[in-house]
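J.: coordinates only, sequence not included:
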């Protein structure tokens, strides 16, 4: 079947959790028919009510008319089983992050859907190739990583598997445009572009706490640079318990020194904004983060128990370590051709992670500093803090040739 003019007319979403709801609304808002399936009928019923309430709220706020709300609601059809999805052009699976579960779903989809259908997973980190491998159509499998809340956040990471066909990528890029997303194609690696870089950034933020800083200082430095919110404020919004529960489930990572403060907060039931206390305190019904001295005391206690000699840490060091962690990982992503170019990495950070727009994105910011300056700073960090600061080979090549990240195309200078 030729996908050159392949247009998604009928979509389907599996999963009625937060992500599923947001994805359904993103599609319905663009007038795309969506079939919605969840193995728990009560959950689906609740989710339909949440969607209706969200539209009613938008009408009250004058953002859409009652007619528009009715048209959007009419695009969504709940279904009771996989058989009902057989004519869908595209299915987006949005269940929780568990590889075996997703593989089971893809096996069923592959057996049920018409041969031309595209099968997509809204995973934020799982291996797309491992999901595609259980189907007889790996060329029609890819990742569509929406950001929460999916009907509001602009970014869509489209993850190409090893076998994803170019026409399938083209069809999903066209869909991304139709639903008003900023779409970026990413290669398949752990965390893709955004979360892979985020991992190195939050690791530095967490180590800074153990070495002598406090959450409010780290956040103030990054917000001063122009981030929408610092890393600890971000964790409070997202829920500190998400990663904590994931580590518990995976049975690994809980003994990493970097996550000990998080573990202690979760042990106290401080999961973030939703429990009105996390790294910060939140008054009833308020999103205003209040500095909490008890958290400072807990940070101090954890770092001393781990044997750290605390020292004064200034805003400059906080910025340098957090930003250069992003840049060095971004360079590896470019070098490995996970991103097609530096602009795509910047788009991910501007649209999904609150990077300051006036700085153009982490890689554009790095180009403004110059590769040789970045290299010098990374080498100094490597001497002070160890091998995880080893500069990406690409940065060494750029510094030597006097070129910019912007000159790199598909992993090549």
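T.: Perfect, thanks for sending it. These numbers were taken from a predicted model, which means no experiment stands behind them.

J.: who's sitting farthest from the centroid in this protein?
T.: residue 309 (33.7 Å; Cα atoms, centre = their mean).

J.: Could you confirm that residue falls within a helix?
T.: No: under DSSP: H, G, I helix; E, B strand; the rest coil, residue 309 sits outside any helix and is assigned coil.

J.: pLDDT value on it, please?
T.: If you check residue 309, the pLDDT there is 97.

J.: and it, backbone torsions?
T.: With angles defined as degrees, to the nearest 10, residue 309 sits at phi -90, psi 100.

J.: ok, now how distant is it from residue 322?
T.: Noted for residue 309: a distance of 21 Å to residue 322, by Cβ to Cβ, to the nearest Å. Every C-beta, even on glycine, is put in place using the N, C-alpha and C of the backbone.

J.: same check, this time on residue 375
T.: 18 Å.

J.: So for the two, which sits in the more crowded spot?
T.: A side-by-side neighbour count of residue 375 and residue 322, using other Cβ atoms under 10 Å, places residue 322 first with 23 against 18.

J.: Quick one: list the elements packing against the worst-scoring helix or strand of the chain on mean pLDDT.
T.: For the chain, counting by mean pLDDT, DSSP states H and E, helix 241-250 ranks last in confidence among helices and strands (a mean of 89). Applying 3 or more Cβ pairs under 8 Å, 6 or more residues apart in numbering; DSSP states H and E, one finds that helix 241-250 makes contact with helix 260-267.

J.: Show me what the helix it packs on is packed against.
T.: helix 194-211, helix 241-250, helix 293-305.

J.: quick one: residue 280 and residue 293 touch, right?
T.: No: using Cβ atoms under 8 Å, residue 280 and residue 293 do not qualify as a contacting pair, with a distance of 11.2 Å.

J.: Which of those two has more residues huddled nearby?
T.: Per other Cβ under 10 Å, whichever of residue 280 and residue 293 has more neighbours is residue 280, with 22 against 9.

J.: From residue 272, how far out is that one?
T.: On the measure of Cβ to Cβ, residue 280 and residue 272 end up 9 Å apart.

J.: Pull up the overlap in contacts between these two.
T.: residue 236 (Cβ atoms under 8 Å, 6 or more residues apart in numbering).

J.: Poorly predicted segments of the stretch 1-150 of the chain, please.
T.: 1-5 (pLDDT under 70).

J.: Next, format the helices and strands packed on helix 260-267 as JSON lines and append distance to residue 48.
T.: Output for the helices and strands packed on helix 260-267, formatted as JSON lines (distance: least, Cβ to Cβ, whole Å):
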{"stretch": "helix 194-211", "distance to residue 48": "30"}
{"stretch": "helix 241-250", "distance to residue 48": "25"}
{"stretch": "helix 293-305", "distance to residue 48": "39"}
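
J.: between these, which gets the lowest average pLDDT?
T.: helix 241-250 (a mean of 89).

J.: which of the residues in that one are buried?
T.: 241, 243, 244, 247 (16 or more other Cβ atoms under 10 Å).

J.: Put together TSV for the residues you listed, with distance to residue 119 on each row.
T.: Output for the buried residues of helix 241-250, formatted as TSV (distance: Cβ to Cβ, whole Å):
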residue	distance to residue 119
241	30
243	28
244	31
247	29
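
J.: Quick check: residue 397 touching residue 412?
T.: No: using Cβ under 8 Å, residue 397 makes no contact with residue 412, being 10.5 Å away.

J.: Counting neighbours, go ahead and name the busier of those two.
T.: residue 397 (15 against 9).

J.: what helix or strand does that one sit in?
T.: helix 393-401 (DSSP states H and E).

J.: Contacts for that helix, please.
T.: 327-328, 331-332, 334-335, 371-372, 374-375, 378, 403-405, 407-408, 413.

J.: Neighbour count says what about the residues you listed? Which are buried?
T.: 327-328, 331-332, 334-335, 371, 374-375, 378, 404-405, 408.
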